[in-house]
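Q: Fold the following and give me the result.
(2 chains)
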Amino acid sequence: MSTEVSARELTQRIWDEVAGERALHPAASASLPECSRLVEDSERHYVNNRYVLDRSPVGEDRSRWRPLHRAKRKLRAKAARFVLHALARYFEDEQEFLAHLVRLQNTITVHVDRVSAEIREVEALVLAESDRLRGADTVLHDRLEARIRMLENEVDALRSADPGRQ
Amino acid sequence: MTPRIAVVTARYGNPWDELSVLAARTAGALACAADVDVLVAAPGERVGAVRFDGACRVLRFPATPLEPRRRAAWRQVALGVSDEDHPGECTCPTDLSRRSLPPLVEEQLVLAEGGDSPALYEYLAGTPYEVTVFVGLHSPVSCFGAQALPDGRRAAVVPGAYEAARLAVHDSVLDRVERVLVCTEAERGRFVQRVGPSMAERVENVGMIVGVNAVVRSMWPTHQAERFLVVARDWQARASLQHLRRWEEALIRCLPEGMGLRLVGPGASALRSGVPHSDNRIDAWWWVSRALAVIDPVPHRVLGQEVLESLMLGVPVIVAADGGATREHAEVGNGGLWYRVNDELIASVEEIAGEDVRASLVEQGRAYAVSRFGDTDTYVKRLTEALLG
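A: Numbering: from 1, shown residues only, chains lettered A, B, ... in the order given. Now for the predicted structure:
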């Protein structure tokens, strides 16, 4: 007749032993801090919304102008149009350059976010693999212990069978 | 006059499938006291195809098939859970992730389970059965069949499968029926919590009947020196084979020296691993009866048929800590151990390998399984009293 065993107590003991074993070999962790995605960064949104150069002359309410002011404004507008026309090529080059810069910045942002996510995935994989290896190491250790015990028993048995050879 | 009872189910005739087993055992037990028609929503069948299964008349009706991809897509969209990524692991919505869904989405979730059969609902509404028993709370035949049932017609439900989603459409079935027939205390506790204390008396644990062929112990020659574990589970349902293969490989790596593995269950051959496998019930019993222990890693089991069979054959079990019925069998029956992570699983295997512990678990587990799930008369009496008074 076998003795009565409580499955609950047995399971609890096994869980405690496994937890103790794990505590002896704490898992190494890179402890990567939480970080927000760069693609959602407000500065990036600002740059994306403001990189287009405003080359239109300033519009104003002409009805309130007095004759002298009107002449001055006209002169200024003419000067502005002249400058814009003279520097048109420069502004176009500058605009093209800014557009490329913003595109590059967006590409870098996406890549940085992807690399960041990949690093976290690699960390999770490394942790899982490390966990598995620790488990395998424990099993291997137990098997070696068992073999050593078995060998010791065999040596003891041999010695006791033939005391003269000691 | 002998009462007429309808047992309505979407799954019937598959001995590996718990819902099929529940439907067959419920119908068989009721046939002792009533004329039983089993109404099966069967994809590919013509209208009202009639067959016989023992004392029960089986009527099959055309129905929509289960489309795993559609089901997975709806569950991903509506519930945020993916069975594909975590086969065998608990993907239940938490209190935080659980949310109420629009009726249209709930309907699609139910339809995605497959087995919707308007012809069956029409037949059910027009046939005056004394009692209608729906098997499988989450199946369309239960959700829409209960709606089609005329007022005043008595009905009961055997919930059958675990579903943590708690849809309102399922609640309407629970409101409609007068009895919720469960087979374990764990399931009873869950449904009492769900329907509330005022309706708790409607939830009744009628148990279940499980049997094994004891002849399997002596049918083939056995190699006593061979020590192996049997993993029993459904290897095909919505599971990623790659994930299962990884789990199996990790288990093999960690097993104590000289310990083998056998895989049993539907779809085991699809794994194409070097481990011996079988989806034949006789092979499964044969291996189980000679195994050191049987592992059931599936969470939220409703009946835990393979675990009960193992206990009856005198083999201890190792089950998932969130295994539902399987955990109850191991814990209440003192017939096995349960684990949360692989380290605990391996430690449990090593513990069970000890002769004294194993002998105690075997004896206690067998006594539990035979006394609670091996008495046909008690099961028939409980079921007929619950439904026919």
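Q: List, one by one, the residues from chain B near chain A.
A: Contacts of chain B with chain A, taken as CB under 8 Å from any CB of the partner chain, map to B:250, B:253-254, B:256-257, B:330-331, B:333-344, B:346-348, B:351, B:356-357, B:359-364. C-beta coordinates here come from the backbone N, C-alpha and C atoms, glycine included.
Q: what mean pLDDT does the helix or strand hosting B:Leu39 have?
A: Element membership for B:Leu39 (DSSP states H and E) is strand B:35-41. Here strand B:35-41 scores 92 as its mean pLDDT.
Q: Just after it, pick out the following helix or strand.
A: strand B:49-53.
Q: Tell me the buried residues in that next one?
A: Buried positions in strand B:49-53, judged by neighbour count with 16 or more other CB atoms under 10 Å in any protein chain shown: B:Asp53.
Q: repeat for stretch B:325-340
A: B:325-331, B:333-339.
Q: Next step: these restricted to helices.
A: Those of the buried residues of stretch B:325-340 mapping onto helices are B:Ala325, B:Thr326, B:Arg327, B:Glu328, B:His329, B:Ala330, B:Glu331, per DSSP state H.
Q: you'd agree the last one is up against B:Trp338?
A: Yes - using CB atoms under 8 Å, B:Glu331 and B:Trp338 qualify as a contacting pair, with a distance of 7.1 Å.
Q: Mutual contacts of the two, please.
A: Common neighbours of B:Glu331 and B:Trp338 (criterion: CB atoms under 8 Å, 6 or more residues apart in numbering or on different chains): A:Thr11.
Q: And residue 57, what's its pLDDT?
A: You didn't pick a chain, so chain A it is. A:Pro57 is assigned a pLDDT of 64 by the prediction.
Q: wait, chain B
A: pLDDT for B:Arg57: 90.
Q: next one: B:Glu331
A: Note for B:Glu331: predicted pLDDT of 94.
Q: Could I get the contacting residues of the residue nearest in space to the middle of chain A?
A: Nearest residue to the geometric centre of chain A (CA atoms, centre = their mean): A:Ser116, 2.9 Å. By CB under 8 Å, 6+ apart, the residues touching A:Ser116 are A:Cys35, A:Arg37, A:Leu38.
Q: Need the mean per-residue confidence for the one helix or strand it maps to.
A: Per DSSP H and E: A:Ser116 is located in helix A:88-161. The average pLDDT for helix A:88-161 rounds to 86.
Q: Could you tell me whether B:Gln156 really is in a helix?
A: One thing to correct before we go on: residue B:156 is Ala, not Gln. No - assessed with DSSP: H, G, I helix; E, B strand; the rest coil, B:Ala156 is strand; it does not lie in a helix.
Q: List phi and psi for the residue lying closest to it once chain neighbours are set aside.
A: Nearest non-adjacent residue to B:Ala156, counting by CB to CB, 6 or more residues apart in numbering or on different chains: B:Arg179, 3.9 Å away. Per-residue torsions, B:Arg179: phi -140, psi 140 (degrees, to the nearest 10).
Q: Spit out the contact partners of B:Arg179.
A: So B:Arg179 contacts B:Ala156, B:Val157, B:Arg202, B:Glu204, B:Ala386, B:Leu387 (CB under 8 Å, 6+ apart).
Q: Just the buried ones among these, please.
A: Buried, going by 16+ other CB under 10 Å: B:Ala156, B:Val157, B:Arg202, B:Glu204, B:Ala386, B:Leu387, out of the contacts of B:Arg179.
Q: which of those lies closest to B:Pro15?
A: Nearest to B:Pro15 out of the buried ones among the contacts of B:Arg179 is B:Val157 (CB to CB; 22.4 Å).
Q: I'd assumed B:Val173 was in contact with the closest one.
A: Yes - at 6.0 Å, B:Val157 counts as touching B:Val173 under the criterion of CB under 8 Å.
Q: Identify the contacts common to these two.
A: Common neighbours of B:Val157 and B:Val173 (CB under 8 Å, 6+ apart) are B:Phe134, B:Leu137, B:Ser142, B:Ala146.
Q: Would you format those as CSV with neighbour count included?
A: Formatted as CSV, the shared contacts of B:Val157 and B:Val173 follow (neighbours: other CB atoms under 10 Å in any protein chain shown):
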residue, neighbour count
B:Phe134, 30
B:Leu137, 24
B:Ser142, 30
B:Ala146, 25
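Q: These in helices, which ones?
A: For the shared contacts of B:Val157 and B:Val173, membership in helices holds for B:Ser142, B:Ala146, with DSSP H as the criterion.
Q: Need the max-distance pair from the shared contacts of B:Val157 and B:Val173.
A: B:Leu137 and B:Ala146 (9.6 Å).
Q: Mutual contacts of the two, please.
A: B:Val157, B:Val173.
Q: Tell me if I'm right that B:Val231 and B:Trp247 touch.
A: No - taking CB under 8 Å as the definition, B:Val231 is not a contact partner of B:Trp247, at 9.2 Å.
Q: the more surrounded of the two?
A: B:Val231 (24 against 16; other CB atoms under 10 Å in any protein chain shown).
Q: Tell me who's in contact with the residue nearest to the more buried one when sequence neighbours are not counted.
A: Nearest non-adjacent residue to B:Val231, counting by CB to CB, 6+ apart: B:Ile295, 4.7 Å away. Taking CB under 8 Å, 6+ apart, we find B:Ile295 in contact with B:Leu229, B:Val230, B:Val231, B:Ala232, B:Val317, B:Ile318, B:Val319, B:Leu345.
Q: Just the residues of chain B next to chain A: which are in strands?
A: Secondary structure assignment by DSSP state E places B:Gly336, B:Leu337, B:Trp338, B:Tyr339 of the residues of chain B next to chain A in strands.
Q: between those, which is nearest A:Leu125?
A: Nearest to A:Leu125 among these, with distances taken as CB to CB, is B:Tyr339, at 23.0 Å.
Q: And the pLDDT for A:Trp42?
A: No, residue A:42 isn't Trp; it's Ser. On the pLDDT scale, A:Ser42 is placed at 86.
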